[in-house]
Each structure stands twice: as structure tokens, then as C-alpha cells.
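Asker: Predicted model and sequence follow; I will ask about them next.
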Amino acid sequence: MRKQRKYPIFWLVLLALICTTTIFSSLLAPFEPNVMDMNQIYQAPNAIHLLGTDQLGRDVLSRLLVGGKVTLLIATVSVVLSSIIGIIYGGISGYFGGVIDAVMMRILEACLTIPSLVIVLALQAIMQGSVWRMAMIMGITGWFVTARIVRSEFIRLKEQEFVQMAKMFHTPLWKILFGHLLRNCIPALFVVTIFNFAGAIFTEVSLSFLGIGVPPATPSWGTMLYTAQNDLLVGAWWMGLFPGLLIFITILCVQVIGGTFKQGGSRSHV
């Protein structure tokens, strides 16, 4: 008798709460995130500024909410782009096989030998710019794992009877690829996309922390950590604590959710 799958309800609700508050940050933020008040510099958390203020008197909570929208937007756009590229690349390689698969896999293996973060660091250092440019760079360098997963799934599925029957009845190629193969890859794609989303958040934070990510004038969780390096020297502990804590909780939520669905998928194949 198959056991009922257990869903990580707590982590799903917590992640949904974080995403909702960042999406509606313009409505929920108690202050304008970029408005400076030189009379409120480095105010510790208090009844008015719940998470304190920064070196320019800006409300940390407001900047944390708006910065979350930027970070999660970059992660979402990059993951969507990398998923599209990975699905196309892996699908072509896995379905056609032969020489095409061999050549495409050698290229993919060569790309996998270099950590994607290193590639992003190099490109971002050369092409520093807007939030959208950063998301594009992360997207075009983050599709390798997705392509490998899609390829393996297409190789497994294309030998199944329902695909062979579709070929026998001269079903259009696009319908076989999208209606039969890709549709049955969704569980595996869902899991790898969740982990890619956590990786994208970490990449944005890492690049911005190094000073080559989001433009300094744009609030994001990474840029807040970047500026907090100097703030800690003057005793403003809240400047690094709250962004770091929110980053940790968000990535933890995504990882736990992804791990749970991955385990559920593994059991379903047993």
C-alpha cells in the first residue's frame, strides 16, 4: 500500500509569506526605502523603525522588503530563462541521440567542469549593469544541470510504448516532444527548478556582496549585506543580521521543499 506523500506545509507557508510580503512591498513598507533622514542615522531597532535604520537614516525593514523583491525577481527571471534553454538543449540531445547527442554532451560536460558561479563572476565583472542584465547573465549560465536532467528523462521516455505507438501512428514531432515526453518530465523538472531557484538567490547575494552584482543604488538582499560590512565596524549589528537571517530562511525553505519533493519522486519510482 502506497504511503501518502507528506508535504512540507510549514515551509511552503513560510516561503509563500516571504514571497507575498516582497511582492507587495510597496504597500507594506512602512517608509520609503530610499528616503534619507540624517537625524535617524544608525538607529537600533525600536518602536518606530522595527529593524532600525542604516547609515543614511533609511528604514531597514522597508529596504529589506523592497530588496527582497529585487532578489527574488532576479532569481525567478534567471531560472525561467535557464529552464527554457536547458529544456531545448537537453530535449534535442536526448531525443535525437547518436552523433548529435555525443557532440552536445561533450559541450555540456566541458561547461560543467567550470563552476557556474565562476562564469557568472567573469561575465558580470565585464558587463556590470542593470538588474535585468544580471538576471540574463545568470540565466544563460545556469542551464547545464537542467539540460542533463531533461536529456536523461527523454532517453528513458522515448523507448516507452506510448511514445513508440505515437511514432507508429505518425504523430507530429512537436506533439511527441511536448505532449508525451516533456509532459512526463515535469516532476523531475519541478525539483531541479526548485534547487536552481535557491542557487540563483545565493548567486545574486554572492555577486552583490562582492560589489559586482546589483547596482549599489538598488536595494537587494545582497547589496544590504555588502554595505553591512562597514556598518558592523560602528556597532550597527542589525544591518547584517536581518538581511542574512532572511536570506538563510528563504534558501532553507526552498531547499527543504525541493528535498521533500525529490524524496517523494524517488519513492514513486521504486
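Answerer: Cool, the structure landed.
Asker: Next up, the contacts around residue 50.
Answerer: For residue 50, the contact set (CB atoms under 8 Å, 6 or more residues apart in numbering) comprises 30, 61. (C-beta placed from N, C-alpha, C; glycine too.)
Asker: helix, strand or coil for it?
Answerer: coil (DSSP: H, G, I helix; E, B strand; the rest coil).
Asker: which secondary structure element contains the residue nearest the centre of the chain?
Answerer: Centroid-nearest residue in the chain: residue 197, 2.2 Å away (criterion: CA atoms, centre = their mean). Residue 197 belongs to helix 183-209 when elements are defined using DSSP states H and E.
Asker: Quick check: the residue nearest to the centre of the chain vs residue 238, distance?
Answerer: Per CB to CB, to the nearest Å, residue 197 is found 27 Å from residue 238.
Asker: How about residue 8?
Answerer: Counting by CB to CB, the gap from residue 8 to residue 238 is 30 Å.
Asker: More neighbours: which of the two?
Answerer: Set side by side, residue 8 and residue 238 show more neighbours around residue 238, with 21 against 16, by other CB atoms under 10 Å.
Asker: Phi, psi for the more buried one please.
Answerer: The phi/psi pair for residue 238 (degrees, to the nearest 10) reads phi -70, psi -20.
Asker: could you list every residue that touches the closest residue to it other than its chain neighbours?
Answerer: Here the nearest residue to residue 238 in space, its sequence neighbours aside, is residue 52; by CB to CB, 6 or more residues apart in numbering that works out to 4.3 Å. Contacts for residue 52 (CB under 8 Å, 6+ apart) come out as 42, 43, 44, 45, 46, 60, 236, 238, 239.
Asker: Wasn't residue 219 part of a strand?
Answerer: No: in this structure, residue 219 is coil, not part of a strand, as judged by three-state DSSP.
Asker: pretty sure it is touching residue 60, no?
Answerer: No: using CB atoms under 8 Å, residue 219 is not in contact with residue 60; the gap is 10.0 Å.
Asker: residue ranges for the strands of the stretch 151-270 of the chain, please.
Answerer: Taking DSSP state E, counting those that start in this stretch, the stretch 151-270 of the chain contains no strands at all.
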